[in-house]
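Student: What follows is a predicted protein model with its sequence.
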Amino acid sequence: MRERILDAATDLFDRYGVHAVGMQRIIDEAGCGKQLLYREFGSKDELVTAYLHRCEGSWERSLAVALGASERPEEQLVELVRLVGAGVPGPRGCPIRNTYAEFPEEGHPVHQAALEHFGAVREQLCELARRTTAVDPERLADRILLIINGLFTAGSALSTAENARVAVELVRDVIAFETAAERVG
């Protein structure tokens with residue numbers, strides 16, 4: 001039942017945003033009672049946090065595929081950007097970023113869950129960048145993170161495929177620049 005409730009909440013949150021969806025709508029969509037929903041999720045914040053953790057799975061799957069695509073960390077980073085670009089979810093963009101924007105209060109548990117995800121993503125990019133020849137791996141990771149964040153921005157004038165193509169070209173340029181600096185410097 002927990003998964004059915006989370007499935008219904010995920011669908012509604014993805015389509016309308018977290019604040020626009022009330023618990024009664026989730027109850028109706030999941031076909032469960034109020035008592036059952038609150039037994040599985042003690043509060044809406046708990047349900048939204050579970051939703052965010054579910055959304056993290058998309059990133060983790062992309063990372064795993066990218067790591068398996070090549071032995072070279074530079075190519076793994078390019079593949080990761082390609083996969084993210086190809087998998088941007090719909091016109092609303094990234095559900096984690098959208099939810100983060102809906103919960104700007106720093107101490108809120110949903111805000112904290114999103115921040116933890118962003119921190120983990122940055123650290124994973126830094127780990128990959130450290131395996132390249134970049135003089136400043138953190139700078140390389142941050143630049144790639146900006147490209148990834150750009151891919152998740154909704155309302156782009158370009159199509160998803162075009163965004164992904166441009167992002168891959170840009171990440172290749174950034175990696176070439178950042179790794180060439182060691183040979184020049």
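Tutor: Cool, got the structure.

Student: Can you tell me what sits against stretch 159-176?
Tutor: Stretch 159-176 is contacted from outside by 74, 77-78, 81-82, 84-86, 88, 132, 134, 140, 143-144, 147-148, 150-151, 156, 158, using CB atoms under 8 Å, 6 or more residues apart in numbering. (Each C-beta comes from the backbone N, C-alpha and C, glycine too.)

Student: what about residue 175, which helix or strand?
Tutor: Here residue 175, judged by DSSP states H and E, is contained in helix 160-184.

Student: That helix - what's its average pLDDT?
Tutor: Per-residue pLDDT over helix 160-184 has a mean of 86.

Student: re the thing from before, show me which of the contacts of stretch 159-176 are buried.
Tutor: When the contacts of stretch 159-176 are checked for burial by 16 or more other CB atoms under 10 Å, the buried set is 74, 77-78, 81-82, 84-86, 88, 132, 134, 140, 143-144, 147-148, 151, 156.

Student: Show me those that map onto strands.
Tutor: Of the buried ones among the contacts of stretch 159-176, none are assigned to strands by DSSP state E.

Student: Return the subset of the residues you listed lying in helices.
Tutor: By the criterion of DSSP state H, membership of these in helices covers 74, 77-78, 81-82, 84-86, 140, 143-144, 147-148, 151.

Student: Can you pull the phi and psi angles for the closest residue to residue 152 other than its chain neighbours?
Tutor: Sequence neighbours aside, residue 94 is the residue nearest to residue 152 in space, at 3.7 Å (criterion: CB to CB, 6 or more residues apart in numbering). Dihedral pair for residue 94: phi -70, psi 120, per degrees, to the nearest 10.

Student: burial measure for residue 94, as a count.
Tutor: A count of neighbours around residue 94, defined by other CB atoms under 10 Å, yields 23.

Student: That one touches residue 148, doesn't it?
Tutor: No. Assessed by CB atoms under 8 Å, residue 94 is found out of contact with residue 148, at 9.2 Å.

Student: how close does residue 176 sit to residue 111?
Tutor: 36 Å (CB to CB, to the nearest Å).

Student: likewise residue 136?
Tutor: Between residue 136 and residue 111 the computed distance is 29 Å (CB to CB).

Student: Then residue 70?
Tutor: In this view, residue 70 and residue 111 are 35 Å apart by CB to CB.

Student: which of those two has more neighbours?
Tutor: Between residue 70 and residue 111, counted using other CB under 10 Å, residue 111 has the larger neighbour count: 17 against 13.

Student: That concludes my questions; thank you for your assistance.
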